[in-house]
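Asker: Sequence below, structure please.
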Amino acid sequence: MGAISLGPLMVSTERLYLIGVLIIFFLLAEGLNKTFRSPDVEFDFSRWAQHSFWYGLLVARLAYVAQYPSAFSYDWLSVLYFWQPGYSLTAALITACVVTLMHFKTQPKALSAALAILLAAVVIWAGLKLWQPLDSDQVQTLPEIQLPTLQGQAVKLDEQKQPLIINLWASWCAPCLREMPALVYFAQQNPELTLWLVNAGESSITVENFVRNNPELALPENMLVLDPTQKLMQHFNAPGLPVTLAFNQGQLIDSHIGELNPARLQEMAQQIQVN
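Answerer: Numbers count the residues shown, from 1 in each chain. Model (predicted):
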C-alpha cells in the first residue's frame, strides 16, 4: 500500500514525493537569490517561487474541476476542500512557466535559471514516480478469503473479476463518515460498477446500529460488507482508514489513502474500466 503512517497522520507516498520535490524547489530558489545578487538589479527568486506555487495550486484545482464537472456538481463547495485530492499537475506546471515568464521577462539570465529549476523539479518528480523508492513493486490481488455481507450472504473475494471498488471504513473514523455520502452518490450514479463499503474491525451488531442511527446516510445494505478481523487491511498493508481500492480482474489497479471525493472516484473508475 502506497502510504506511510506518521503517528495519527496517514500520508500517501505520492504526496510525500511531491512534498519532497517542493522542498527542493524552494531551496533551489533561495539558493538563486544568493547566486544572482547584484547592486543594479533586484532578483527575487523566493517571491517567484511562492507565486509559482500558489498560482499553480489554484489553477491546478480549477483545471481538475473542469475535467470532472459532474463529480463536483454533487457538492460545489467541495471545490474549496483543498485537503481533498483533485489537482492537475500539468496545469500547475504550465501556470508556473507563465509566472516565470512574467517575473523575469526582462532578465534573460534569471529567466533561464528559473526555468532550469522548474525543469529540475519535473525531472526529480518523474524519477521518483518511476523509481517508487517507498513503494512495493509487487502486484497485489484480491485474497482468497470469504467475507459476509450485512444481509448475511457471503462473498468470495478472489472470484470477483468485474471492475470493483472497495472502501475500507469504520464507524469511529471521522474522514470515513465525511466521504461516505460521496461514495453512496457515486454508486448510485454508476450502477455498472460494483462498490463495496467494507467495514474493518467491527461486529455486525455495531454496523447495524450505525446504519440504524444514521438514516441520513441512506446506506444501501447490499453495499455493506463486514471484515471484523481486518483481513483486507492486513493483506494490503493499509496503514489506517479510510482506504479506497480499485480492482479489475481481481488485480489492484489504483488506490487512494485518506478522504476522497466523487471526482477522485470517477478517476479511479476510469482506471479500472480502461485496464
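
Asker: for the protein, what are the low-confidence residue spans?
Answerer: For the chain, the stretches flagged by pLDDT under 70 are 1-11, 37-43, 135-139, 274-275.

Asker: Strands along that one, start to end?
Answerer: With DSSP state E as the criterion, the chain has strands at 3-6, 9-12, 146-148, 154-156, 164-169, 194-200, 224-227, 243-248, 251-257.

Asker: Can you add mean neighbour count and distance to Trp76 and give these back as CSV?
Answerer: Bear in mind the C-beta positions are built from the backbone N, C-alpha and C, glycine included. Output for those, formatted as CSV (neighbours: other C-beta atoms under 10 Å; distance: least, C-beta to C-beta, whole Å):
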stretch, mean neighbour count, distance to Trp76
strand 3-6, 15, 29
strand 9-12, 16, 25
strand 146-148, 15, 36
strand 154-156, 11, 36
strand 164-169, 24, 23
strand 194-200, 23, 23
strand 224-227, 22, 29
strand 243-248, 23, 22
strand 251-257, 19, 21
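
Asker: Would you tell me which of these gets closest to Leu93?
Answerer: Nearest of the strands of the chain to Leu93, taken as C-beta to C-beta: strand 9-12 at 20.1 Å.

Asker: How about the contacts made by Ala91?
Answerer: Ala91 makes contact with Gly56, Val59, Ala60, Leu62, Ala63, Tyr64, according to C-beta atoms under 8 Å, 6 or more residues apart in numbering.

Asker: cutoff 7 Å now
Answerer: Val59, Ala60, Ala63 (C-beta atoms under 7 Å, 6 or more residues apart in numbering).

Asker: out of everything not next to it in sequence, what's closest to it?
Answerer: Closest residue to Ala91 apart from its sequence neighbours, by C-beta to C-beta, 6 or more residues apart in numbering: Ala63 at 3.5 Å.

Asker: That neighbour: how many residues sit nearby?
Answerer: 18 (other C-beta atoms under 10 Å).

Asker: ok, so what distance separates Trp131 from Gly258?
Answerer: Applying C-beta to C-beta, to the nearest Å, the value for Trp131 to Gly258 is 23 Å.

Asker: Helices of this structure, residue ranges please.
Answerer: For the chain, the helices defined by DSSP state H occupy 13-35, 45-67, 69-72, 89-103, 108-131, 174-189, 204-213, 231-235, 262-274.

Asker: which one of those helices lies closest to Leu224?
Answerer: Checking the helices of the chain against Leu224 by C-beta to C-beta gives helix 204-213 as the closest, at 6.5 Å.

Asker: tell me which residues in the closest one are buried?
Answerer: Applying a neighbour-count criterion of 16 or more other C-beta atoms under 10 Å, one finds Thr206, Val207, Phe210, Val211 buried in helix 204-213.

Asker: OK, contacts around Leu28?
Answerer: Ile117, Ala120.

Asker: thinking again about what came up before, with neighbour numbers in mind, choose between Trp131 and Gly258.
Answerer: Using other C-beta under 10 Å as the criterion, Trp131 and Gly258 rank with Gly258 on top: 21 against 11.
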